[in-house]
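Peer 1: Sequence and predicted model, in that order:
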Amino acid sequence: MSIAAGLSPSRFHRYVVEDAMPEVLFKVDLNKPFTEQDLVGHNRWHPDIPAIVSVNPGAVFRIECKDWTDGQISNNDSPNDVRDVDLSMVHVLSGPIWVNGAEPGDILVVDLLDVGTLPDYEWGFTGIFARENGGGFLTEHFPTAQKAIWDIQGIYTRSRHIPDVKFAGIPHPGLIGCAPSAELLAQWNKREADLVATNPNRVPPLANLPNPKNAILGSLTGAEYDRVAQEAARTVPPREHGGNCDIKNLSKGSRIYFPVYVEGAKLSMGDIHFSQGDGEITFCGAIEMAGYLDLHVDLIKGGVAKYGLTNPIFKPGPVEPRYSEYLVFEGISVDEFSGEQYYLDAHVAYRRACLNAIEYFKKFGYTGEQIYLLLGSAPVEGRISGIVDIPNACCTIAIPTAIFERNVLPS
(Lines give C-alpha, C1' and ligand atoms only; values in the text may rest on other atoms or scores of the structure.)
Protein backbone atom coordinates (compact mmCIF):
# COMPACT_ATOMS: atom_id res chain seq x y z
CA MET A 1 0.00 0.00 0.00
CA SER A 2 1.36 3.40 -0.94
CA ILE A 3 2.23 5.73 1.92
CA ALA A 4 0.18 8.38 0.12
CA ALA A 5 -2.96 6.23 -0.12
CA GLY A 6 -5.92 7.62 1.78
CA LEU A 7 -4.72 11.23 1.68
CA SER A 8 -7.14 13.96 0.60
CA PRO A 9 -6.34 15.56 -2.81
CA SER A 10 -4.90 18.69 -1.20
CA ARG A 11 -2.86 16.68 1.31
CA PHE A 12 -1.67 14.36 -1.51
CA HIS A 13 -0.50 17.37 -3.55
CA ARG A 14 1.42 18.70 -0.55
CA TYR A 15 2.87 15.23 0.07
CA VAL A 16 4.12 14.91 -3.52
CA VAL A 17 5.25 18.49 -4.19
CA GLU A 18 6.37 19.79 -0.82
CA ASP A 19 7.21 16.86 1.43
CA ALA A 20 9.33 15.27 -1.32
CA MET A 21 11.52 18.39 -1.56
CA PRO A 22 14.29 18.91 0.99
CA GLU A 23 14.26 22.06 3.09
CA VAL A 24 15.69 25.00 1.15
CA LEU A 25 18.48 26.46 3.28
CA PHE A 26 19.76 28.96 0.70
CA LYS A 27 17.20 30.50 -1.64
CA VAL A 28 17.95 32.90 -4.50
CA ASP A 29 15.84 35.46 -6.33
CA LEU A 30 17.01 35.50 -9.95
CA ASN A 31 15.66 39.04 -10.39
CA LYS A 32 17.99 40.49 -7.75
CA PRO A 33 21.81 40.86 -7.71
CA PHE A 34 23.69 38.63 -5.30
CA THR A 35 24.31 41.45 -2.82
CA GLU A 36 20.54 42.04 -2.45
CA GLN A 37 19.52 38.46 -1.67
CA ASP A 38 17.91 37.63 1.69
CA LEU A 39 21.04 35.57 2.44
CA VAL A 40 24.23 36.95 0.91
CA GLY A 41 26.84 34.39 -0.07
CA HIS A 42 30.36 35.13 -1.22
CA ASN A 43 32.66 35.25 -4.26
CA ARG A 44 36.05 34.82 -2.63
CA TRP A 45 37.69 32.12 -0.45
CA HIS A 46 38.75 33.05 3.08
CA PRO A 47 38.41 31.24 6.44
CA ASP A 48 36.91 34.31 8.14
CA ILE A 49 33.85 34.62 5.86
CA PRO A 50 31.03 33.83 8.32
CA ALA A 51 28.82 30.81 7.80
CA ILE A 52 25.19 31.70 7.08
CA VAL A 53 23.42 28.42 7.90
CA SER A 54 24.29 25.32 9.92
CA VAL A 55 23.40 21.64 9.57
CA ASN A 56 24.02 18.46 11.53
CA PRO A 57 25.78 15.43 10.06
CA GLY A 58 23.12 13.32 8.37
CA ALA A 59 21.12 16.33 7.18
CA VAL A 60 19.44 16.46 3.77
CA PHE A 61 18.81 19.94 2.36
CA ARG A 62 18.52 22.05 -0.81
CA ILE A 63 20.80 24.91 -1.88
CA GLU A 64 19.82 27.25 -4.72
CA CYS A 65 22.49 28.97 -6.82
CA LYS A 66 22.60 31.83 -9.29
CA ASP A 67 24.63 31.36 -12.45
CA TRP A 68 28.33 31.99 -11.88
CA THR A 69 28.27 35.52 -13.36
CA ASP A 70 25.41 36.78 -11.13
CA GLY A 71 23.06 37.18 -14.09
CA GLN A 72 25.38 39.16 -16.37
CA ILE A 73 24.53 37.01 -19.42
CA SER A 74 21.11 37.35 -21.12
CA ASN A 75 19.04 35.00 -23.26
CA ASN A 76 19.57 36.84 -26.56
CA ASP A 77 21.67 36.55 -29.72
CA SER A 78 24.36 39.15 -28.94
CA PRO A 79 27.75 38.07 -27.55
CA ASN A 80 28.42 41.57 -26.22
CA ASP A 81 27.47 40.58 -22.66
CA VAL A 82 30.09 37.80 -22.77
CA ARG A 83 32.60 40.28 -24.18
CA ASP A 84 31.87 42.79 -21.40
CA VAL A 85 31.39 40.43 -18.44
CA ASP A 86 32.97 41.74 -15.23
CA LEU A 87 35.10 38.87 -13.94
CA SER A 88 35.80 40.60 -10.63
CA MET A 89 32.24 39.57 -9.66
CA VAL A 90 32.69 35.81 -10.07
CA HIS A 91 31.99 33.14 -8.93
CA VAL A 92 28.92 33.89 -6.84
CA LEU A 93 28.73 31.05 -4.31
CA SER A 94 25.93 29.84 -2.03
CA GLY A 95 27.23 29.33 1.50
CA PRO A 96 29.25 28.89 3.63
CA ILE A 97 27.37 26.06 5.34
CA TRP A 98 28.55 25.21 8.84
CA VAL A 99 28.52 21.45 9.57
CA ASN A 100 28.21 20.93 13.30
CA GLY A 101 31.07 18.89 14.73
CA ALA A 102 33.40 19.27 11.73
CA GLU A 103 37.02 19.90 12.73
CA PRO A 104 40.28 20.30 10.81
CA GLY A 105 41.53 16.86 9.76
CA ASP A 106 38.03 15.40 9.34
CA ILE A 107 36.58 14.35 6.00
CA LEU A 108 33.30 15.99 5.00
CA VAL A 109 31.21 13.50 3.02
CA VAL A 110 28.84 15.20 0.55
CA ASP A 111 26.26 13.26 -1.45
CA LEU A 112 24.87 15.05 -4.54
CA LEU A 113 21.33 13.73 -4.39
CA ASP A 114 19.93 15.85 -7.19
CA VAL A 115 20.79 18.75 -9.51
CA GLY A 116 18.21 20.72 -11.48
CA THR A 117 16.99 23.95 -13.01
CA LEU A 118 14.91 26.59 -11.26
CA PRO A 119 11.36 27.44 -12.40
CA ASP A 120 11.22 29.88 -15.35
CA TYR A 121 14.97 29.46 -15.92
CA GLU A 122 15.13 26.42 -18.22
CA TRP A 123 17.99 27.76 -20.31
CA GLY A 124 21.74 28.13 -20.17
CA PHE A 125 24.66 29.70 -22.00
CA THR A 126 28.13 28.88 -23.26
CA GLY A 127 30.64 31.61 -23.97
CA ILE A 128 33.97 32.11 -25.69
CA PHE A 129 35.72 34.76 -23.65
CA ALA A 130 37.69 37.49 -25.39
CA ARG A 131 41.45 37.12 -25.17
CA GLU A 132 41.67 40.37 -23.20
CA ASN A 133 39.03 39.20 -20.70
CA GLY A 134 39.99 35.73 -19.53
CA GLY A 135 40.50 34.00 -22.85
CA GLY A 136 40.20 30.23 -23.14
CA PHE A 137 42.09 27.09 -24.10
CA LEU A 138 42.23 28.09 -27.79
CA THR A 139 42.32 31.86 -27.33
CA GLU A 140 45.13 32.31 -29.89
CA HIS A 141 42.78 30.83 -32.50
CA PHE A 142 39.48 32.30 -31.22
CA PRO A 143 40.32 35.66 -29.60
CA THR A 144 36.88 37.33 -29.77
CA ALA A 145 33.74 36.79 -27.68
CA GLN A 146 30.97 34.45 -28.88
CA LYS A 147 27.91 32.97 -27.21
CA ALA A 148 25.49 30.08 -27.60
CA ILE A 149 22.13 29.93 -25.79
CA TRP A 150 20.73 26.50 -24.92
CA ASP A 151 17.08 25.63 -24.33
CA ILE A 152 16.67 22.92 -21.71
CA GLN A 153 13.77 20.47 -22.04
CA GLY A 154 13.91 17.81 -19.33
CA ILE A 155 17.16 15.91 -19.77
CA TYR A 156 17.79 17.28 -23.29
CA THR A 157 19.10 20.52 -24.70
CA ARG A 158 19.55 22.18 -28.08
CA SER A 159 20.80 25.59 -29.24
CA ARG A 160 19.51 27.93 -31.93
CA HIS A 161 23.15 28.98 -32.36
CA ILE A 162 24.50 25.48 -33.17
CA PRO A 163 21.97 23.82 -35.51
CA ASP A 164 21.24 20.10 -35.81
CA VAL A 165 22.67 19.21 -32.42
CA LYS A 166 20.76 17.72 -29.47
CA PHE A 167 22.07 15.84 -26.45
CA ALA A 168 21.30 14.71 -22.91
CA GLY A 169 22.84 16.76 -20.13
CA ILE A 170 25.06 15.69 -17.27
CA PRO A 171 24.18 18.31 -14.62
CA HIS A 172 26.78 19.03 -11.95
CA PRO A 173 28.21 21.81 -9.78
CA GLY A 174 31.29 23.25 -11.45
CA LEU A 175 32.44 24.58 -8.11
CA ILE A 176 32.10 23.08 -4.63
CA GLY A 177 34.54 23.07 -1.72
CA CYS A 178 35.29 23.83 1.90
CA ALA A 179 36.96 26.98 3.24
CA PRO A 180 40.76 26.99 3.44
CA SER A 181 42.65 27.48 6.69
CA ALA A 182 44.61 30.71 7.11
CA GLU A 183 47.83 28.77 6.52
CA LEU A 184 46.54 27.16 3.31
CA LEU A 185 45.24 30.49 2.02
CA ALA A 186 48.68 32.03 2.58
CA GLN A 187 50.26 29.19 0.57
CA TRP A 188 47.85 29.77 -2.32
CA ASN A 189 48.50 33.49 -2.42
CA LYS A 190 52.27 33.10 -2.32
CA ARG A 191 52.63 30.43 -4.96
CA GLU A 192 50.21 32.14 -7.37
CA ALA A 193 51.92 35.53 -6.88
CA ASP A 194 55.28 33.86 -7.58
CA LEU A 195 53.87 32.44 -10.82
CA VAL A 196 52.45 35.79 -11.98
CA ALA A 197 55.81 37.44 -11.25
CA THR A 198 57.45 35.26 -13.92
CA ASN A 199 55.46 37.09 -16.64
CA PRO A 200 53.46 39.91 -15.04
CA ASN A 201 52.28 41.48 -18.30
CA ARG A 202 50.90 38.32 -19.89
CA VAL A 203 47.41 38.52 -21.51
CA PRO A 204 45.46 36.68 -20.21
CA PRO A 205 47.28 36.60 -16.84
CA LEU A 206 48.95 33.50 -15.45
CA ALA A 207 46.71 33.64 -12.35
CA ASN A 208 44.12 35.91 -10.75
CA LEU A 209 45.52 37.34 -7.52
CA PRO A 210 43.40 38.72 -4.62
CA ASN A 211 41.36 41.71 -5.75
CA PRO A 212 39.04 43.62 -3.40
CA LYS A 213 37.00 45.07 -6.28
CA ASN A 214 33.44 43.67 -6.10
CA ALA A 215 34.38 41.22 -3.34
CA ILE A 216 31.25 39.74 -1.71
CA LEU A 217 32.02 38.38 1.74
CA GLY A 218 28.71 37.41 3.30
CA SER A 219 27.85 39.51 6.34
CA LEU A 220 31.29 41.06 6.82
CA THR A 221 31.41 44.87 7.00
CA GLY A 222 33.80 47.68 7.91
CA ALA A 223 37.44 47.06 8.71
CA GLU A 224 37.00 43.29 8.83
CA TYR A 225 35.54 43.36 5.31
CA ASP A 226 38.47 45.46 4.07
CA ARG A 227 41.05 43.09 5.59
CA VAL A 228 39.46 39.93 4.24
CA ALA A 229 38.86 41.45 0.79
CA GLN A 230 42.58 42.20 0.49
CA GLU A 231 43.58 38.64 1.47
CA ALA A 232 40.83 36.44 0.01
CA ALA A 233 41.63 34.11 -2.88
CA ARG A 234 39.82 34.30 -6.19
CA THR A 235 37.56 31.39 -7.07
CA VAL A 236 38.84 30.60 -10.57
CA PRO A 237 41.23 27.65 -10.07
CA PRO A 238 40.73 24.29 -8.38
CA ARG A 239 42.87 23.92 -5.29
CA GLU A 240 43.44 21.46 -2.41
CA HIS A 241 39.97 22.15 -0.99
CA GLY A 242 38.17 21.36 -4.26
CA GLY A 243 36.77 24.62 -5.59
CA ASN A 244 36.34 25.21 -9.31
CA CYS A 245 37.21 21.70 -10.48
CA ASP A 246 34.67 21.61 -13.36
CA ILE A 247 34.45 17.82 -13.36
CA LYS A 248 31.49 16.83 -15.53
CA ASN A 249 31.12 13.40 -13.91
CA LEU A 250 30.43 14.99 -10.52
CA SER A 251 26.75 14.58 -11.29
CA LYS A 252 23.62 13.17 -9.64
CA GLY A 253 24.36 10.42 -7.16
CA SER A 254 28.04 11.28 -6.73
CA ARG A 255 29.70 11.17 -3.32
CA ILE A 256 32.55 13.58 -2.59
CA TYR A 257 35.08 13.36 0.25
CA PHE A 258 36.43 16.80 1.16
CA PRO A 259 39.35 17.46 3.51
CA VAL A 260 38.22 19.81 6.30
CA TYR A 261 40.57 22.72 7.08
CA VAL A 262 38.51 24.88 9.46
CA GLU A 263 36.02 24.30 12.27
CA GLY A 264 32.55 23.77 10.79
CA ALA A 265 34.06 22.92 7.35
CA LYS A 266 32.26 25.96 5.76
CA LEU A 267 31.03 24.25 2.59
CA SER A 268 30.09 26.44 -0.40
CA MET A 269 29.02 25.79 -3.99
CA GLY A 270 27.83 27.30 -7.26
CA ASP A 271 28.63 27.47 -10.99
CA ILE A 272 26.02 24.83 -11.87
CA HIS A 273 26.37 23.29 -15.34
CA PHE A 274 23.65 21.50 -17.30
CA SER A 275 26.37 19.82 -19.35
CA GLN A 276 30.09 20.09 -20.06
CA GLY A 277 32.80 18.55 -22.18
CA ASP A 278 36.00 17.40 -20.51
CA GLY A 279 38.29 20.39 -20.07
CA GLU A 280 35.52 23.03 -20.36
CA ILE A 281 37.81 24.44 -23.00
CA THR A 282 36.25 27.82 -23.79
CA PHE A 283 36.64 28.78 -20.07
CA CYS A 284 32.90 29.62 -19.99
CA GLY A 285 32.61 26.35 -21.79
CA ALA A 286 29.90 24.45 -20.01
CA ILE A 287 26.18 25.10 -20.32
CA GLU A 288 26.04 27.56 -17.43
CA MET A 289 22.78 27.92 -15.53
CA ALA A 290 21.10 28.85 -12.27
CA GLY A 291 19.77 25.84 -10.40
CA TYR A 292 19.52 23.82 -7.21
CA LEU A 293 21.55 21.13 -5.49
CA ASP A 294 20.06 18.60 -3.06
CA LEU A 295 22.72 17.44 -0.64
CA HIS A 296 23.35 15.03 2.21
CA VAL A 297 26.35 15.55 4.47
CA ASP A 298 28.22 13.43 6.98
CA LEU A 299 31.62 13.32 8.67
CA ILE A 300 34.52 10.88 8.92
CA LYS A 301 36.38 11.96 12.05
CA GLY A 302 40.14 12.11 11.55
CA GLY A 303 39.71 10.89 7.97
CA VAL A 304 42.35 13.08 6.34
CA ALA A 305 45.26 11.33 8.06
CA LYS A 306 43.59 7.92 7.97
CA TYR A 307 43.15 7.98 4.17
CA GLY A 308 46.01 10.29 3.18
CA LEU A 309 43.87 12.95 1.51
CA THR A 310 45.56 15.95 -0.09
CA ASN A 311 42.75 16.85 -2.50
CA PRO A 312 39.11 15.70 -2.54
CA ILE A 313 38.24 12.30 -3.94
CA PHE A 314 34.87 11.32 -5.30
CA LYS A 315 32.74 8.38 -6.41
CA PRO A 316 30.67 9.14 -9.53
CA GLY A 317 26.94 8.54 -9.45
CA PRO A 318 24.97 6.12 -11.65
CA VAL A 319 23.07 8.76 -13.68
CA GLU A 320 24.93 9.82 -16.82
CA PRO A 321 24.07 9.97 -20.53
CA ARG A 322 25.31 6.86 -22.31
CA TYR A 323 26.65 7.17 -25.84
CA SER A 324 28.16 4.18 -27.59
CA GLU A 325 29.61 5.58 -30.84
CA TYR A 326 32.22 8.32 -31.08
CA LEU A 327 34.56 10.02 -33.49
CA VAL A 328 37.92 10.29 -31.74
CA PHE A 329 40.53 12.87 -32.69
CA GLU A 330 44.20 12.51 -31.78
CA GLY A 331 46.69 15.23 -30.99
CA ILE A 332 50.43 15.15 -30.33
CA SER A 333 52.76 17.55 -28.54
CA VAL A 334 53.95 19.56 -31.56
CA ASP A 335 53.18 23.30 -31.74
CA GLU A 336 50.69 24.12 -34.51
CA PHE A 337 52.30 27.47 -35.34
CA SER A 338 56.05 26.85 -35.13
CA GLY A 339 56.31 23.10 -35.50
CA GLU A 340 58.36 23.02 -32.29
CA GLN A 341 58.65 19.62 -30.64
CA TYR A 342 57.52 19.58 -26.98
CA TYR A 343 58.55 16.82 -24.59
CA LEU A 344 55.49 14.81 -23.46
CA ASP A 345 53.43 18.01 -23.12
CA ALA A 346 49.79 16.96 -22.62
CA HIS A 347 48.57 20.57 -22.77
CA VAL A 348 49.90 20.98 -26.30
CA ALA A 349 48.71 17.51 -27.35
CA TYR A 350 45.15 18.12 -26.11
CA ARG A 351 45.06 21.47 -27.86
CA ARG A 352 46.06 19.80 -31.11
CA ALA A 353 43.35 17.15 -30.67
CA CYS A 354 40.72 19.88 -30.21
CA LEU A 355 41.96 21.81 -33.22
CA ASN A 356 41.89 18.66 -35.34
CA ALA A 357 38.27 18.06 -34.33
CA ILE A 358 37.30 21.65 -35.13
CA GLU A 359 38.92 21.52 -38.55
CA TYR A 360 37.10 18.26 -39.33
CA PHE A 361 33.60 19.49 -38.41
CA LYS A 362 34.10 22.69 -40.42
CA LYS A 363 33.77 20.40 -43.48
CA PHE A 364 30.15 19.67 -42.45
CA GLY A 365 28.84 23.23 -42.47
CA TYR A 366 29.80 24.40 -39.00
CA THR A 367 31.98 27.37 -38.14
CA GLY A 368 35.06 26.94 -36.00
CA GLU A 369 33.41 28.98 -33.25
CA GLN A 370 30.34 26.70 -33.22
CA ILE A 371 32.44 23.57 -32.78
CA TYR A 372 34.66 25.23 -30.18
CA LEU A 373 31.50 26.05 -28.19
CA LEU A 374 30.23 22.50 -28.69
CA LEU A 375 33.45 20.83 -27.51
CA GLY A 376 33.18 22.77 -24.26
CA SER A 377 29.52 22.07 -23.63
CA ALA A 378 28.56 18.63 -25.00
CA PRO A 379 29.45 15.43 -23.08
CA VAL A 380 32.71 14.82 -24.97
CA GLU A 381 35.41 12.66 -23.44
CA GLY A 382 39.01 13.91 -23.14
CA ARG A 383 41.86 11.48 -22.51
CA ILE A 384 45.59 11.43 -21.97
CA SER A 385 46.10 8.37 -24.11
CA GLY A 386 49.90 8.16 -24.00
CA ILE A 387 52.35 10.00 -21.74
CA VAL A 388 55.50 7.84 -21.95
CA ASP A 389 56.33 7.53 -25.66
CA ILE A 390 59.06 10.15 -26.00
CA PRO A 391 58.94 12.80 -27.26
CA ASN A 392 55.20 12.98 -27.98
CA ALA A 393 52.34 12.93 -25.55
CA CYS A 394 49.16 11.71 -27.25
CA CYS A 395 45.78 13.10 -26.21
CA THR A 396 42.36 12.34 -27.63
CA ILE A 397 38.96 13.98 -27.67
CA ALA A 398 35.96 11.75 -28.36
CA ILE A 399 32.72 13.27 -29.69
CA PRO A 400 29.52 11.19 -29.56
CA THR A 401 28.16 11.01 -33.11
CA ALA A 402 24.57 10.62 -31.88
CA ILE A 403 24.43 14.27 -30.74
CA PHE A 404 24.39 15.37 -34.42
CA GLU A 405 21.19 15.40 -36.43
CA ARG A 406 23.14 15.52 -39.69
CA ASN A 407 25.58 12.98 -41.09
CA VAL A 408 29.08 13.84 -39.87
CA LEU A 409 30.83 10.56 -40.74
CA PRO A 410 33.50 10.19 -43.44
CA SER A 411 32.17 8.41 -46.50
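Peer 2: Here it is on my side, so go on. Being a predicted model, the structure only gives us computed values, none of them experimental.

Peer 1: any weak-confidence spans in the protein?
Peer 2: 1-20 (pLDDT under 70).

Peer 1: Which helix or which strand is home to the spatially most central residue of it?
Peer 2: The chain has Gly174 as the residue nearest its centroid, 1.8 Å off, counting by Cα atoms, centre = their mean. Applying DSSP states H and E as the criterion places Gly174 in strand 172-178.

Peer 1: Could you check how far Asn211 is from Thr221?
Peer 2: For Asn211, the distance to Thr221 equals 19 Å [Cβ to Cβ, to the nearest Å]. In short, each C-beta sits where N, CA and C put it, glycine included.

Peer 1: before we move on, the earlier item: could you measure from the residue nearest to the centre of the chain over to Gly317?
Peer 2: Noted for Gly174: a distance of 16 Å to Gly317, by Cβ to Cβ.

Peer 1: hang on, the earlier thing: specify which residue of Asn211 and Thr221 has the higher count of neighbours.
Peer 2: Taking other Cβ atoms under 10 Å, Asn211 and Thr221 do not tie; Asn211 has more neighbours (14 against 9).

Peer 1: Which of the three states applies to the closest residue to the more buried one other than its chain neighbours?
Peer 2: Excluding the flanking residues, the one nearest Asn211 by Cβ to Cβ, 6 or more residues apart in numbering is Ser88, at 5.8 Å. What DSSP: H, G, I helix; E, B strand; the rest coil gives for Ser88 is helix.

Peer 1: for Ala265, same thing?
Peer 2: coil.

Peer 1: coming back round to it: what about the residue nearest to Asn211, how many residues close to it?
Peer 2: Neighbour number of Ser88 under other Cβ under 10 Å is 13.

Peer 1: what's near enough to touch it?
Peer 2: 211, 213-214 (Cβ atoms under 8 Å, 6 or more residues apart in numbering).

Peer 1: how about TSV for those, with secondary structure added?
Peer 2: Shown next, in TSV, are the contacts of Ser88 (three-state DSSP):
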residue	secondary structure
Asn211	coil
Lys213	coil
Asn214	coil
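
Peer 1: Kindly indicate which of those residues lies nearest Phe337.
Peer 2: Relative to Phe337, the closest of the contacts of Ser88 is Asn211; by Cβ to Cβ it sits at 32.0 Å.

Peer 1: Settle this for me: the closest one is touching Arg234, isn't it.
Peer 2: Yes. Between Asn211 and Arg234 there is a contact at 6.8 Å, judged by Cβ atoms under 8 Å.

Peer 1: Is the residue nearest to the centre of the chain in contact with Asp271, as I believe?
Peer 2: Yes. Between Gly174 and Asp271 there is a contact under Cβ under 8 Å: 3.6 Å.

Peer 1: For the stretch 251-400 of the chain, just list every one of the strands.
Peer 2: In the stretch 251-400 of the chain, the strands defined using DSSP state E, counting those that start in this stretch lie at 255-259, 267-273, 283-288, 291-300, 313-315, 326-332, 381-386, 394-400.

Peer 1: from those strands, which stretch is densest packed?
Peer 2: For those, average neighbour numbers computed from mean count of other Cβ atoms under 10 Å are highest in strand 267-273, which has a mean of 29.

Peer 1: what's that one in contact with?
Peer 2: For strand 267-273, contacts defined as Cβ under 8 Å, 6+ apart pick out 41-42, 63, 65-68, 91-97, 99, 108, 110, 115, 124, 171-179, 244, 246, 248, 258, 286-291, 293, 297.

Peer 1: Please indicate which of those are buried?
Peer 2: Buried members of the contacts of strand 267-273, scored by 16 or more other Cβ atoms under 10 Å, are 41-42, 63, 65-68, 91-97, 99, 108, 110, 115, 124, 171-179, 244, 246, 248, 258, 286-291, 293, 297.

Peer 1: about what we covered before: the strand holding Gly174 vs strand 267-273, what angle?
Peer 2: With axes from the mean of the first three to the mean of the last three Cα atoms, to 10 degrees applied, the angle from strand 172-178 to strand 267-273 works out at 160 degrees.

Peer 1: what do Gly174 and Asp271 both touch?
Peer 2: Common contacts of Gly174 and Asp271 (Cβ under 8 Å, 6+ apart): 68, 244, 246.

Peer 1: Wasn't the first one part of a strand?
Peer 2: Same thing as Trp68. No. Secondary structure of Trp68 (three-state DSSP): coil, not part of a strand.

Peer 1: Tell me which residues touch it, please.
Peer 2: Counting by Cβ under 8 Å, 6+ apart, Trp68 has contacts 90-92, 174-175, 270-271, 288.

Peer 1: beta partners for the nearest residue to Leu113 once chain neighbours are set aside?
Peer 2: Once flanking residues are discounted, Leu113 sits nearest to Asp294: 4.1 Å by Cβ to Cβ, 6+ apart. Beta-bridge partners for Asp294, by DSSP bridges, are Arg62, Asp114.

Peer 1: which residues does Asp294 contact?
Peer 2: Applying Cβ under 8 Å, 6+ apart to Asp294 gives the contacts 22, 60-62, 112-115.

Peer 1: before we move on, what about Cys395?
Peer 2: By Cβ under 8 Å, 6+ apart, Cys395 lies in contact with 330-331, 346, 349-350, 352-353, 382-385.

Peer 1: so Thr235 touches Gly174, yeah?
Peer 2: No. Using Cβ under 8 Å, Thr235 is not in contact with Gly174, being 10.2 Å away.

Peer 1: quick one: which of the contacts of Asp294 is most hemmed in?
Peer 2: Among those, the one with the most neighbours (other Cβ under 10 Å) is Val115, at 27 neighbours.

Peer 1: Can you get me a residue count around the closest residue to Ala51 other than its chain neighbours?
Peer 2: Spatial nearest neighbour of Ala51, excluding adjacent residues (Cβ to Cβ, 6+ apart): Trp98 at 3.7 Å. Neighbours of Trp98 under the rule other Cβ under 10 Å: 19.
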